[in-house]
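Undergrad: Task: produce atomic coordinates for the following.
(chains A, B, C and D)
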2 protein chains.
Amino acid sequence: MLKTIETAQEAAFPLTGDFLAGRLRKHLSSDDLQYIEGLIDGTLFLPARETLVEGGRRVDVSAILVSGFAFRTIERDDKRYIVGVHLPGDFVDLHAFALKRLDHSIVAVDDVKVGVVQHSKLKQVMRDRPKIARAMWFSTLLDAAIHRKWIQMLEGLDAPQRIAHIYCELQTRLELIGSANQRVLRAPFTQKDIAEMCGVSAIHANRAVSKLRELNLGEIRRGSLYTSNWDALRDYAGFDASYLYGDGPLRMNEEWD
Amino acid sequence: MLKTIETAQEAAFPLTGDFLAGRLRKHLSSDDLQYIEGLIDGTLFLPARETLVEGGRRVDVSAILVSGFAFRTIERDDKRYIVGVHLPGDFVDLHAFALKRLDHSIVAVDDVKVGVVQHSKLKQVMRDRPKIARAMWFSTLLDAAIHRKWIQMLEGLDAPQRIAHIYCELQTRLELIGSANQRVLRAPFTQKDIAEMCGVSAIHANRAVSKLRELNLGEIRRGSLYTSNWDALRDYAGFDASYLYGDGPLRMNEEWD
DNA sequence: CCGCCAAGCTAACATGTGTCAATAGACGCG
DNA sequence: CGCGTCTATTGACACATGTTAGCTTGGCGG
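TA: Below you'll find the model as predicted:
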């Protein structure tokens, strides 16, 4: 169960379908998207910095992030490691459906709204709607592809490049769900958050942020990135968006039937 | 298609079912395992260091590793980043089924044998055998969980600890498929391979290997790890096997019906 | 409006890691 | 058997990052 269900409040208004399954928006028909929306049992609000799913716990529901940011985190010896970031439209703990318990936690970064789906319903989807099931599988594989890119990033980039890469990824993912802004990437991260995503100390993250500013690549203030030169930033980070499977000739609509 | 299909040879002998779907061995009935084995169209041999699947290419088959080791790698600017390791029994590019093209390459470490499965057959599985489909999904989610652990490892451990952690993981995974040895973990890695898994230079990997030797934690010779003290090694790396979902009360046999 | 506290920033020094250069060992091949 | 090549190893030095300490800024509640 959701650990913090008791601190959350029920939503009063309907979901729009706009951000729902935002990541799959380009990959499924609106019929299919509506079907997914129909799986949602209810909506929860969770305040910033609260834990949505505690690692190790058994769960029998999964959650779609409707608004706000969330982290995947692993704790060890009082240190927190951020292993992924999620945006509105991400089916954020779908992994728990097949794994039954998660190896990590999901925490809200700012105030978030999530849609809750019972695993029993997902089991039904597996039986009755193989195409939807495959799309959900695809969504978790996209998480895996992002994980691999982070591994490569941690293996090959220094701290300023890692920060640049993470923001480039987020910008592209926001573009894919239609909520990017050209001049600013609004995000609620502290520099400690940035440090934990990059695997460096908070102090070094600060140095790295300063370096990006000195290089005129962008200015990070209170988590938000202001830049006039995304191309230079992408170049600096060696960012290549193909791992996000955002477009090209391989969208599921064309491939999955 | 398999890029190197022309360099590979057809297998002459039948598969045993022993290592097949080795990772799922504890999670499925022998009936189900035999069904998976039945999906295999043919067998390929691939010589050491050859590429099984080239990243970016469209594929319409996936491969189960029957014998030998394989790496997942990403290339960039003539540098190779190893983002994962696979052992016999791993459904090594099942990700390509839903993704259609892979964001990375699969390369043989030593001489390998793989079983090939057509995606058209997997599509059939999605329609007709939801439980098997879910098990295959599980297998890819296990890859994702391993990716997350690598991210944490790269964010939080220094080079010698990373090496220790990787070998601990491999030992546990070998135990899970019943082919571990208590005194030696036989593996065909060069120190350059180890460096590329850890995200450090080959020279620094050498220093790290030396340090493990000095600390009496283990001796790595030609890729194989000789140790008499796995507990100390696990402790040194902060290794906790729960992310491998090897046992406990959450096996699929009990949970998936 | 004040004051508090978390977040951001800076400096100085220690450790981890990269790079270059050089050498030694292991293996394949003629 | 000896040569050449890939792998492993060592030393010296430069750069990246961690750690500790202290200071500044900004948002927020009283």
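Undergrad: from here on, contacts and neighbour counts on C-alpha atoms
TA: Noted.
Undergrad: Tell me the residues of the stretch 51-200 of chain A that contact DNA strand C?
TA: A:Phe189, A:Thr190, A:Gln191, A:Lys192 (C-alpha under 7 Å from any atom of the strand).
Undergrad: my guess is A:Arg234 contacts A:Tyr167, does it?
TA: No - judged on C-alpha atoms under 8 Å, A:Arg234 makes no contact with A:Tyr167 at a distance of 9.1 Å.
Undergrad: Compare these two (neighbour count), which wins?
TA: For the pair A:Arg234 and A:Tyr167, the greater number of neighbours falls to A:Tyr167 (22 against 19), based on other C-alpha atoms under 10 Å in any protein chain shown.
Undergrad: what secondary structure does the more buried one sit in?
TA: Classification of A:Tyr167 using DSSP: H, G, I helix; E, B strand; the rest coil returns helix.
Undergrad: any idea of the pLDDT on it?
TA: We have a pLDDT of 98 for A:Tyr167.
Undergrad: ok now do the residue lying closest to A:Ile163 once chain neighbours are set aside, which residues does it touch?
TA: Closest residue to A:Ile163 in three dimensions, ignoring its sequence neighbours and counting by C-alpha to C-alpha, 6 or more residues apart in numbering or on different chains: A:Cys198, at 6.8 Å. By C-alpha atoms under 8 Å, 6 or more residues apart in numbering or on different chains, the residues touching A:Cys198 are A:Leu154, A:Ala159, A:Arg162, A:Ile163, A:Ala205, B:Glu155.
Undergrad: Is it possible to get these out as a markdown table so that each row also shows neighbour count and secondary structure?
TA: Below are the contacts of A:Cys198 laid out as a markdown table (neighbours: other C-alpha atoms under 10 Å in any protein chain shown; DSSP: H, G, I helix; E, B strand; the rest coil):
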| residue | neighbour count | secondary structure |
| --- | --- | --- |
| A:Leu154 | 24 | helix |
| A:Ala159 | 24 | helix |
| A:Arg162 | 27 | helix |
| A:Ile163 | 24 | helix |
| A:Ala205 | 24 | helix |
| B:Glu155 | 23 | helix |
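Undergrad: Mind putting those into JSON lines with pLDDT and distance to B:Leu87?
TA: Shown next, in JSON lines, are these (pLDDT from 0 to 100; distance: C-alpha to C-alpha, whole Å):
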{"residue": "A:Leu154", "pLDDT": "98", "distance to B:Leu87": "24"}
{"residue": "A:Ala159", "pLDDT": "97", "distance to B:Leu87": "32"}
{"residue": "A:Arg162", "pLDDT": "98", "distance to B:Leu87": "30"}
{"residue": "A:Ile163", "pLDDT": "98", "distance to B:Leu87": "33"}
{"residue": "A:Ala205", "pLDDT": "97", "distance to B:Leu87": "37"}
{"residue": "B:Glu155", "pLDDT": "98", "distance to B:Leu87": "25"}
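Undergrad: ok, and which of the residues you listed reach DNA strand D?
TA: Restricting the contacts of A:Cys198 to those touching DNA strand D (C-alpha under 7 Å from any atom of the strand) yields A:Ala159, A:Ala205.
Undergrad: Which of the contacts of A:Cys198 sits closest to DNA strand D?
TA: A:Ala159 (4.3 Å; C-alpha to the nearest atom of the strand).
Undergrad: Distance of the closest one relative to A:Ala202?
TA: To A:Ala202, A:Ala159 is 11 Å away according to C-alpha to C-alpha, to the nearest Å.
Undergrad: Kindly report the same for A:Ala145.
TA: 27 Å.
Undergrad: Neighbour count: those two, which is higher?
TA: A:Ala145 (22 against 17).
Undergrad: okay but that one is in contact with A:Tyr243, surely?
TA: Yes - using C-alpha under 8 Å, A:Ala145 is in contact with A:Tyr243, at 6.3 Å.
Undergrad: so what sits against both of those two?
TA: B:Asp103.
Undergrad: On the three-state scheme, A:Leu52 is what?
TA: Going by three-state DSSP, the state assigned to A:Leu52 is strand.
Undergrad: That one and A:Arg101, how far apart?
TA: As judged by C-alpha to C-alpha, A:Leu52 and A:Arg101 stand 13 Å apart.
Undergrad: The two: which is more packed in?
TA: The residue with more neighbours, out of A:Leu52 and A:Arg101, is A:Leu52; 26 against 20, by other C-alpha under 10 Å.
Undergrad: For the closest residue to DNA strand D within the stretch 1-150 of chain A, give me the pLDDT.
TA: Relative to DNA strand D, the nearest point of the stretch 1-150 of chain A is A:Lys79 (10.3 Å; C-alpha to the nearest atom of the strand). On pLDDT, A:Lys79 comes in at 93.
Undergrad: contacting residues for it?
TA: So A:Lys79 contacts nothing (C-alpha under 8 Å, 6+ apart).
Undergrad: So in terms of bridging, what pairs with it?
TA: Residues in a beta bridge with A:Lys79, per DSSP bridges, are A:Arg76.
Undergrad: near chain B, which residues of the stretch 151-257 of chain A?
TA: A:Ile151, A:Gln152, A:Leu154, A:Glu155, A:Gly156, A:Glu196, A:Cys198, A:Gly199, A:Val200, A:Ser242, A:Tyr243, A:Leu250 (C-alpha under 8 Å from any C-alpha of the partner chain).
Undergrad: Point out the residues in the stretch 151-257 of chain A that sit beside DNA strand D.
TA: A:Leu157, A:Asp158, A:Ala159, A:Pro160, A:Gly199, A:Val200, A:Ser201, A:Ala202, A:Ile203, A:His204, A:Ala205.
Undergrad: these two touch, right, the third one and A:Ile203?
TA: What that stands for is A:Ala159. No - assessed by C-alpha under 8 Å, A:Ala159 is found out of contact with A:Ile203, at 11.2 Å.
Undergrad: next one: phi and psi at the residue nearest to A:Ile163?
TA: Taking degrees, to the nearest 10, you get phi -90, psi -10 for the backbone angles of A:Cys198.
Undergrad: okay, and the common contacts of A:Ala159 and A:Ala202?
TA: By C-alpha under 8 Å, 6+ apart, no residue touches both A:Ala159 and A:Ala202.
Undergrad: In helices, which of the residues of the stretch 51-200 of chain A next to DNA strand C appear?
TA: Those of these mapping onto helices are A:Gln191, A:Lys192, per DSSP state H.
Undergrad: Tell me the buried residues in stretch A:62-77?
TA: Judged by neighbour count (16 or more other C-alpha atoms under 10 Å in any protein chain shown), stretch A:62-77 contains these buried residues: A:62-74.
Undergrad: Which of these fall in strands?
TA: Among those, the members falling in strands (DSSP state E) are A:Ser62, A:Ala63, A:Ile64, A:Leu65, A:Val66, A:Ser67, A:Ala70, A:Phe71, A:Arg72, A:Thr73, A:Ile74.
Undergrad: On the pLDDT front, check the nearest residue to A:Thr51 once chain neighbours are set aside for me.
TA: Nearest-residue entry for A:Thr51: A:Val107, 4.2 Å, with adjacent residues in sequence omitted and distances by C-alpha to C-alpha, 6+ apart. At A:Val107, the pLDDT value in this model is 96.
Undergrad: Repeat that for A:Ala12.
TA: 39.
Undergrad: same thing with A:Glu255?
TA: pLDDT recorded at A:Glu255 is 57.
Undergrad: same deal with A:Asp111?
TA: A:Asp111 is given a pLDDT of 94.
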